[in-house]
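Student: Let me see the structure of the following:
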Amino acid sequence: MIKFDKVSYSFPQKDLYTDVSFTIEEGQHCAFIGASGSGKSTLIDIIMDPEKYVFDGNVEMEPSLKIGYVSQFSQRDKDKETTVFEYIAEEFIKLENEIATLCAEMGTSDDIETLLEKYQEALDAFDAIDGDNYENNINKKLNAANLTTHKDRMISELSGGEFKLIQVIKEMLNNPDLMIMDEPDVFLDFENLNSLKNLINSHKKTILVITHNRYLLNHCFNKIIHLENTELQEFDGRYIDYNFSLLQTKIELQEMAIADEEEIARNEELIKILREKATYNADASRGRALKARVKIQERLEANRIKHPFVDIKQPYINLETNNEIEEEIIALKTDDLGISFDEVLLQNVNFEIKSNDKVAIIGTNGVGKTTLLKQIFKNNNDAIKIDENIKLAYLSQMQSEVVNESNTILQEFYDVGFETYGEIRRYL
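Tutor: Numbers count the residues shown, from 1 in each chain. This is a model prediction of the structure:
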């Protein structure tokens, strides 16, 4: 279905891939793994639109390949209010309406041939996604994801995790040849993670999923594609078997690397001795011996075992805070807080947080965690008391609510008050 052959790709200041090769065959469920920033999403972008990128090597794909895609970042159209069922059935309803319109036009038009051609195209598209059974298929998928009761809810009422599952269901029912998902497990609690597992395992066509989630990796995939340090490994089999294979490979490579280092060090010592002798005795045979030994050293250096592939470079992250308040105060307090939409979401919520506390809010998807945080940040509810000395900041699930996606990273930092490039670079 897809074949990458010795593909290399670089940004101006970073090499992402060097001669990477892999294949994705029909029906495979592939997990795409690797450290953040290793280039997984960019490689997905190349698969989605290879004409947009300039790279070395070859990418071969079936010409008629239909790709479905679930983004890493959930985006909802705030201006388009719709139910869960209508959102999932959007393509089916669109084709149904098109078919009905064409039927009506054929009753009055003289250009029957053109209309018949369009009518047949619409029927074929409707048939390709099993349009005759779409209501039943939607109900089955919602049941598999334990979301049957959400069928008539508005999309705007869903939690981030619930909306992610609805996106997955929608793309699956559009019946793509290849389903690509970029970290679909983000924002999911365990119950919904299990629902995602069921959806992936029930899908009969090819899937490529970027994920770091061990639960999905251990239960959903029969092929592993691992991108790390500009190189790629592919493994046909389960993640648990791949992990064991990596461990074996690492042990073997480390033993070989140690042997190489010892041989190179021994040869270096011999070169040093021969050079010392050549300084006070310019005998031709000593010169030849030295040259031969240097050539051996060059060959050893060229063929030395590289660091094991599984030596994954991890980022060092240090979050410094210098603003802890010496005299602890009550930073936030709720007093019988209640939040309702069509139904009561939170009722009689009472808690307090002190100025040096670090607090985790936990609970299943949809119980109101995000709504509670947004209410605190808005700070316009009489039941929420925030000390006047407390400065608030908010990091949303939705990337577009936090940053201007059309900005460069530099521009984002200038916009929040950094003054020089050097200052931003040091901070990053």
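Student: Toward the C-terminus, what is the element adjacent to the lengthiest helix in the chain?
Tutor: Longest helix of the chain, by residue count under DSSP state H: helix 239-280. Per DSSP states H and E, the first helix or strand lying C-terminal to helix 239-280 is helix 284-303.
Student: Identify each buried residue in that next one, please.
Tutor: Neighbour counts over helix 284-303 (16 or more other C-beta atoms under 10 Å) mark A289, L290, R293, Q297, L300 as buried. Yep, even glycine has a C-beta here, placed from its N, CA and C like the rest.
Student: would you turn those residues into CSV with pLDDT and distance to N365?
Tutor: CSV is the format used below for those (pLDDT from 0 to 100; distance: C-beta to C-beta, whole Å):
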residue, pLDDT, distance to N365
A289, 80, 73
L290, 79, 71
R293, 82, 67
Q297, 81, 61
L300, 77, 57
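Student: Give me the next element, helix or strand, following the one helix or strand C30 maps to.
Tutor: Element membership of C30 [criterion: DSSP H and E] is strand 29-33. Counting by DSSP H and E, the element after strand 29-33 in chain order, helix or strand, is helix 40-48.
Student: from the chain's centre, how far out does that next one sit?
Tutor: Centroid separation for helix 40-48 versus its chain: 10 Å, with C-alpha atoms, centre = their mean, to the nearest Å.
Student: Please renumber the chain so that the first residue is 322 from this point on.
Tutor: Understood, numbering begins at 322; the last thing we discussed is helix 361-369.
Student: on contacts alone, who are the packing partners of it?
Tutor: strand 323-332, strand 335-345, strand 350-354, strand 377-382, strand 388-391, strand 499-503, strand 527-531 (3 or more C-beta pairs under 8 Å, 6 or more residues apart in numbering; DSSP states H and E).
Student: which one of these lies closest to A446?
Tutor: strand 388-391 (14.6 Å; C-beta to C-beta).
Student: where does the stretch 522-671 of the chain dip in pLDDT?
Tutor: Applying pLDDT under 70 to the stretch 522-671 of the chain flags residues 572, 602-603, 626-636, 640-647.
Student: With N460 as the reference, measure out to K472.
Tutor: Applying C-beta to C-beta, to the nearest Å, the value for K472 to N460 is 8 Å.
Student: Please parse this protein into its domains.
Tutor: 388-558, 579-624, 651-718 (automatic domain parsing).
Student: if you compare those domains, which one is most tucked away?
Tutor: domain 388-558 (a mean of 17; mean count of other C-beta atoms under 10 Å).
Student: tell me which element the closest residue to K439 other than its chain neighbours is part of?
Tutor: Residue nearest to K439 in three dimensions, not counting chain neighbours: L423, with 5.8 Å by C-beta to C-beta, 6 or more residues apart in numbering. With elements taken from DSSP H and E, the one containing L423 is helix 411-427.
Student: what does I546 give?
Tutor: I546 belongs to strand 544-549, assigned by DSSP H and E.
Student: So which elements touch that strand?
Tutor: Applying 3+ C-beta pairs under 8 Å, 6+ apart, one finds that strand 544-549 contacts strand 335-345, strand 350-354, strand 552-557, helix 560-601.
Student: circling back to that earlier point, please identify which of the helices and strands packed on helix 361-369 is closest to T691.
Tutor: strand 388-391 (19.7 Å).
Student: which secondary structure elements does that closest one contact?
Tutor: helix 361-369, helix 481-494, strand 499-503.
Student: What segments of the stretch 622-749 of the chain are helices?
Tutor: Using DSSP state H, counting those that start in this stretch, the helices assigned to the stretch 622-749 of the chain run over residues 690-699, 720-723, 730-736, 742-748.
Student: would CSV of those with mean pLDDT and distance to Q569 be doable?
Tutor: Listed next are the helices of the stretch 622-749 of the chain as CSV, based on pLDDT from 0 to 100; distance: least, C-beta to C-beta, whole Å:
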stretch, mean pLDDT, distance to Q569
helix 690-699, 89, 42
helix 720-723, 78, 39
helix 730-736, 93, 40
helix 742-748, 91, 41
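Student: Can you tell me which of the ones you listed is nearest to I414?
Tutor: Nearest of those (C-beta to C-beta): helix 720-723, 26.8 Å.
Student: what's in contact with the closest one?
Tutor: F394, Q396, Y715, L716, S717, E726 (C-beta atoms under 8 Å, 6 or more residues apart in numbering).
Student: can you redo the helices and strands packed on helix 361-369 as JSON lines with distance to R587?
Tutor: Output for the helices and strands packed on helix 361-369, formatted as JSON lines (distance: least, C-beta to C-beta, whole Å):
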{"stretch": "strand 323-332", "distance to R587": "36"}
{"stretch": "strand 335-345", "distance to R587": "31"}
{"stretch": "strand 350-354", "distance to R587": "39"}
{"stretch": "strand 377-382", "distance to R587": "39"}
{"stretch": "strand 388-391", "distance to R587": "55"}
{"stretch": "strand 499-503", "distance to R587": "49"}
{"stretch": "strand 527-531", "distance to R587": "45"}
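Student: Nearest to I638, out of the ones you listed?
Tutor: strand 335-345 (18.7 Å).
Student: what are the pairing partners of the closest one, and which direction each?
Tutor: According to DSSP bridges, strand 335-345 forms sheet pairs with strand 323-332 (antiparallel).
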